[in-house]
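Enquirer: how does the following fold in three dimensions:
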Amino acid sequence: MMTENTQKNETLSVAEILHRRAEILAQPVEEPTAEETFLDAVLFQLAGETYAIALEFLQDVLPLSGLAPIPCTPPFVAGIINVRGQIVSVVSLKTLFDLPAAPEMQYQKVLLLSNGEMIFGVIVDRMFGTKPLALSGLQSPPMTLSGFRADYVRGITPDTVILLDAAKMLGDARLIVHETA
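Expert: Coordinates of the predicted model:
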């Protein structure tokens with residue numbers, strides 16, 4: 001059985017807790033400077049690393065299904081899919097970036113990227129959603145990167161999100177597979 005004194009002490013401690021929370025919430029929030037620019041990006045996982053692509057290039061997110069392999073294509077071309085009657089090629093970023101191949105994941109997705117002229121899909125292991133990334137905090141990619149990965153990494157955020165340059169990816173002729181006679 002609680003005494004009146006015990007109830008008073010519990011009430012005081014709850015009041016103190018609420019007062020402390022109010023003080024913390026009353027702290028001024030650091031507003032971004034007018035010079036700071038943000039990029040809305042979609043975040044996803046590849047081989048245990050977190051990547052991002054500018055949201056302006058994202059056309060759609062689809063479950064990975066109906067992927068048909070294409071013979072005589074580079075290893076990074078995973079195949080083609082039918083998207084509402086349009087045949088779209090799909091690229092495996094893991095293969096393109098020489099990342100370790102993990103067991104197939106049940107929640108793999110295809111991100112359809114487009115710049116208005118070119119469209120293709122990229123396979124990702126997991127989607128995390130969207131987030132604004134501060135471009136002022138972007139660090140240069142490490143010099144140890146090589147190949148396509150070095151070409152397409154725009155930078156790395158302080159919380160180790162790797163920002164890919166979708167404009168370069170969509171404009172790179174090396175990703176276009178041409179049939180030769």
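Enquirer: and Asp112, which helix or strand is it part of?
Expert: That one is not Asp; residue 112 is Leu. For Leu112, the host element (DSSP states H and E) is strand 109-114.
Enquirer: just the C-alphas of the first helix or strand past that strand going along the chain, formatted as CSV.
Expert: As assigned by DSSP H and E, the chain's next helix or strand after strand 109-114 is strand 119-124. Backbone C-alpha positions of strand 119-124 (Å, rounded to 0.1, in the frame of the first residue of the first chain) are rendered in CSV as follows:
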residue,chain,number,x,y,z
ILE,A,119,16.2,3.9,-68.5
PHE,A,120,17.5,0.8,-66.7
GLY,A,121,17.1,-1.1,-63.5
VAL,A,122,19.6,-1.8,-60.7
ILE,A,123,19.2,-4.6,-58.3
VAL,A,124,19.5,-3.7,-54.6
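Enquirer: could you list every helix and strand in contact with strand 119-124?
Expert: strand 38-46, strand 77-83, strand 86-92, helix 93-96, strand 109-114 (3 or more CB pairs under 8 Å, 6 or more residues apart in numbering; DSSP states H and E). C-betas here are computed from N, CA, C, even on glycine.
Enquirer: pLDDT score for the closest residue to Phe97 other than its chain neighbours?
Expert: For Phe97, ignoring the flanking residues on the chain, the nearest one in space by CB to CB, 6 or more residues apart in numbering is Arg149 at 4.1 Å. On the pLDDT scale, Arg149 is placed at 72.
Enquirer: wait, Val153 touches Lys168, no?
Expert: No. Using CB atoms under 8 Å, Val153 makes no contact with Lys168, being 9.6 Å away.
Enquirer: related to what we said a few turns ago, shouldn't the residue nearest to Phe97 be within a helix?
Expert: Yes. The assignment for Arg149 is a helix, going by DSSP: H, G, I helix; E, B strand; the rest coil.
Enquirer: looking at Val153 and Lys168, which one has more neighbours?
Expert: Val153 (19 against 14; other CB atoms under 10 Å).
Enquirer: the more buried one bridge partners, please.
Expert: Listed by DSSP bridges, the beta-bridge partners for Val153 are Leu164.
Enquirer: I'm done for today, thanks for sticking with me.
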